[in-house]
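A.B. asks: no sequence for this one, just the structure:
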């Protein structure tokens, strides 16, 4: 498995919401990451894939909701988000896709 494939295993996809857009005004980008990824792995993956310098990484885990589907109870998956703050002068354009 190549190194880039391993980095894409850590970072799943960018999150584009109103809150994430507000964070981008403060030089931060929000990604959905693997649930078992830690902050140094996330930092290494972002720096390796996008060629930027990362200042800080903050993470949060959102627990999956209990939902009904056709009368049966199911549970959505847990999601881990990483708020990646970039150094001054570095940017990532997530609207063009990975």
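C.D. replies: Nice, thanks for sending it over. Nothing here was measured: the structure is a model prediction, and the numbers come from that model.

A.B. asks: count of residues packed around residue 93?
C.D. replies: Applying other C-beta atoms under 10 Å, we find 10 residues neighbouring residue 93. Just so you know, the C-beta spots here come from the backbone N, C-alpha and C atoms, and that holds for glycine as well.

A.B. asks: Which residues in the helix or strand containing residue 32 does the neighbour count mark as buried?
C.D. replies: Using DSSP states H and E, the element containing residue 32 is strand 28-33. Buried residues in strand 28-33, counted by 16 or more other C-beta atoms under 10 Å: 28-31, 33.

A.B. asks: the longest helix in the protein is where?
C.D. replies: Ranked by number of residues, the top helix in the chain under DSSP state H is helix 39-50.

A.B. asks: Would you map the strands across the chain?
C.D. replies: Assigned by DSSP state E, the strands in the chain fall at 11-14, 28-33, 54-62, 66-69, 72-75, 79-86.

A.B. asks: Columns mean pLDDT on top of those strands, output as CSV?
C.D. replies: What follows is those, written out as CSV (pLDDT from 0 to 100):
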stretch, mean pLDDT
strand 11-14, 92
strand 28-33, 95
strand 54-62, 95
strand 66-69, 93
strand 72-75, 94
strand 79-86, 96
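
A.B. asks: could you dump those strands to CSV with distance to residue 3?
C.D. replies: Formatted as CSV, the strands of the chain follow (distance: least, C-beta to C-beta, whole Å):
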stretch, distance to residue 3
strand 11-14, 13
strand 28-33, 17
strand 54-62, 17
strand 66-69, 37
strand 72-75, 34
strand 79-86, 19
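
A.B. asks: Could you check how far stretch 50-60 is from the centre of its chain?
C.D. replies: The chain centroid and the centroid of stretch 50-60 are separated by 10 Å under C-alpha atoms, centre = their mean, to the nearest Å.

A.B. asks: Understood, closing this out.
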